[in-house]
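In: below: sequence and its predicted model.
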Amino acid sequence: MAPVSTVVPPSGYFLANRFGRVFLASLEETVGRNGLNALLNLSGRESLITAPPPDDVQLTFDTATVSALLAVLELVYGPRGARGLAMRAGRAMFDRLVDGFELPTGFNPLAFRLLPQPTRLKIGVPALARLVTQHSDMAGRVADRGTYFEYTTERCADCWGRASKGPVCNLTVGLLLEAMSSFGRGQEFRVTQRECRAAGAAVCVFQLDKEPIA
Ligand SMILES: [Zn+2]
């Protein structure tokens, strides 16, 4: 078998180190310490085992480290297993991102919680996109399409350097699921990936339905 590390070479794009720490901690919560170490070894990122990224906001955590680990996750657990694990890791990232960086809603957290739900969604989703854009070389954008939000990611870390027949950005799907659930006070919403760079699209596009799942 060819070394997996050659599949996703360094990207030249970066996440804030703290963003990288949030990703690694959330993946560890999902697959365990040994599981994470195995994934780091298999993806050629074993140096991160002994030297995790520092807890700062410097943009030096390679975007390709995320996609390489997710590619190896799929190799080890199969597409279906990896999909569930990546979504769980993505969900686990949301609270850590909000704790580690401020969610730029323009409200203090208490005032934000008191807003009506449609307003929380309308303000919260673009605020998450801004947080991602501010602390990585990814660019998040949100468009209001009436019954749903369209969330677009440029230079998406999930699929950077990967090729696939269909969407693979399940980490982001999980992050968006948890964000919607948090803004919706525990209600669950449907999140569907519509376009994926790994499958030939220019950018990754996600549909976030505004109506909760009954
Ligand atoms: Zn993607």
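Out: Structure received.
In: only C-alpha atoms from now on, for both contacts and neighbour counts.
Out: Will do.
In: and the contacts of the lowest-mean-pLDDT helix or strand in the chain?
Out: Sorted by mean pLDDT, DSSP states H and E, the helices and strands of the chain end with helix 109-114, the least confident at a mean of 93. Helix 109-114 has contacts (Cα atoms under 8 Å, 6 or more residues apart in numbering) with 105, 120.
In: from the ion, how far off is residue 73?
Out: 15 Å (Cα to the ion, to the nearest Å).
In: that residue and residue 38 touch, don't they?
Out: No. With contact defined as Cα atoms under 8 Å, residue 73 does not reach residue 38; the gap is 9.7 Å.
In: the more surrounded of these two?
Out: residue 73 (26 against 19; other Cα atoms under 10 Å).
In: find the nearest non-adjacent residue to the more buried one, please.
Out: residue 82 (5.6 Å; Cα to Cα, 6 or more residues apart in numbering).
In: check the offset of the helix or strand encompassing the one you found from the chain's centre.
Out: Using DSSP states H and E, residue 82 sits within helix 63-100. The chain centre lies 7 Å from the centre of helix 63-100; the measure is Cα atoms, centre = their mean, to the nearest Å.
In: list the buried residues of it.
Out: Within helix 63-100, the residues that qualify as buried are 63-74, 82-94, 96-97, 100, counting by 16 or more other Cα atoms under 10 Å.
In: contacting residues around residue 12?
Out: 62-63.
In: for residue 193, which residues make a bridge with it?
Out: residue 206 (DSSP bridges).
In: how about the most centrally placed residue in the chain: what's its closest non-neighbour residue?
Out: Nearest residue to the geometric centre of the chain (Cα atoms, centre = their mean): residue 172, 3.5 Å. Spatial nearest neighbour of residue 172, chain neighbours left out: residue 90 (5.9 Å); criterion: Cα to Cα, 6+ apart.
In: distance check, the closest residue to residue 74 other than its chain neighbours against residue 162.
Out: Spatial nearest neighbour of residue 74, chain neighbours left out: residue 82 (4.9 Å); criterion: Cα to Cα, 6+ apart. Relative to residue 162, residue 82 is positioned 15 Å away (Cα to Cα, to the nearest Å).
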